Structure formats: structure tokens, C-alpha cells
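1. take this sequence and fold it.
(one chain, ligands or ions: 1)
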Amino acid sequence: MAARPLLLFETSEAALRRVSEPLADEPDEARRLIADLKDTLLRHPNGIGLAAPQIGVHKRAIVVCFGAGTGAGHGPPIGVINPVILEEGRERLDFDGCLSIPGLYAETVRPHFLRLRGIDERGQAFEWTLDGFDAVVVHHEVDHLNGVLFIDRVSSPDRLHREDDEPEAGERSGP
Ligand code: ZN
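-> Reported below is the predicted structural model:
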């Protein structure tokens, strides 16, 4: 288990744009990857989610912290393997940012309702219903597995901001 260097858009755009492959049924590999993702995320106090391609592994695994939209702090990272979005809805405009694109944030439209299928950290298949910002965070991370970045979802340049333009928004955290 070890934190790994985070790929940044500036230097690793091609790797961040690559579509990730499903993780085979290899519990040890999955456990190691989830552990590395958690260790890496915990090095970045603003982070609330991370996807395997952000550490250079093109496998479909993510870690997400739930409860980040409540204003009351969020939970520890939880690993999800081979996530599949079965249904999404209630789209809303929200703030978005990414550990791989530091210094930028944006308003993007994402679902506030998701039905998600996947394999949990114990290797059990699950189907979850997610609401509010939890759905937004998972949607952002699943995008990473498809090589999609939040800047791709910005509908107009006025919705893209540099952190130093508006320091009052500097507290925004991002997946
Ligand atoms: Zn991201």
C-alpha cells in the first residue's frame, strides 16, 4: 500500500484521456489498487474522490468520499470496482474541480441522482442509489474512467474559473 504520484493534466493529458479497462476478478490486485488510491487521496486534503487513471493505472476503479455536500465534513474514502451507472437524473449546475487540474474550477451540469452497480471493496456486487453531491462525485470519477475531464463539461468559458481570480471560492474541494 502506497501513495502514488498524481498525474496532472498539464503534463499527462494523454494518459488522463485514455479509457480504462474493466478490472479482472483478481481480488489481490483490486485490494492493492484501492489501497493505493486511498493513500494517494489522503495526501490531498481537498480531495473527495480519485480514479485509477489519475495514478496512471488504466483500470476501472475509483475511491469516493460520501457526505461531502452536507457541509458537515465527509466520510472516509470508499472503493468501487467496475462501477456502472444504470440510471441518472435530476441534473443541476454545481461547482466542479479536479486534483489533476489544480487551480481551475468550473460550474458543470451533473446528475444529483444515480443508480450505480459495481463491486465493493470486499468483492461483493452491489447496487446503490445515490443522491445529491454524492451522485456528482461518483459521476466525476466514472468520467475519469472514460477519459472525460470536468473541463469537457463546461458549456461556456464564463463558467470556467481560475482559483486566483476569485479567492473567495478558493475553498472549493474537488474530486
Ligand atoms: Zn477529477
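2. name the single longest strand found in the protein.
-> Longest strand of the chain, by residue count under DSSP state E: strand 78-97.
3. quick one: average pLDDT of it?
-> Strand 78-97 shows a mean pLDDT of 96.
4. I'd like the next helix or strand past that strand.
-> Once the chain leaves strand 78-97, the next helix or strand it forms, by DSSP states H and E, is strand 104-120.
5. kindly list the main-chain dihedrals of I55?
-> Backbone torsions of I55, given as degrees, to the nearest 10, read phi -110, psi 20.
6. shouldn't it be in contact with D36?
-> Yes: here I55 reaches D36: they are 6.4 Å apart, a contact under CB atoms under 8 Å. C-beta here means a position set from N, CA and C on the backbone, and glycine is covered the same way.
7. for whatever residue of the chain ends up closest to the ion, grab the count of nearby residues.
-> Relative to the ion, the nearest point of the chain is C98 (3.2 Å; CB to the ion). The number of residues packed near C98 is 26, by other CB atoms under 10 Å.
8. what does L149 give?
-> Residues near L149, counting by other CB under 10 Å, number 19.
9. tell me the contacts of the most centrally placed residue in the chain?
-> Centroid-nearest residue in the chain, with CA atoms, centre = their mean: E141, separated by 2.8 Å. E141 sits next to 49-51, 62-64, 83, 175 when contact means CB atoms under 8 Å, 6 or more residues apart in numbering.
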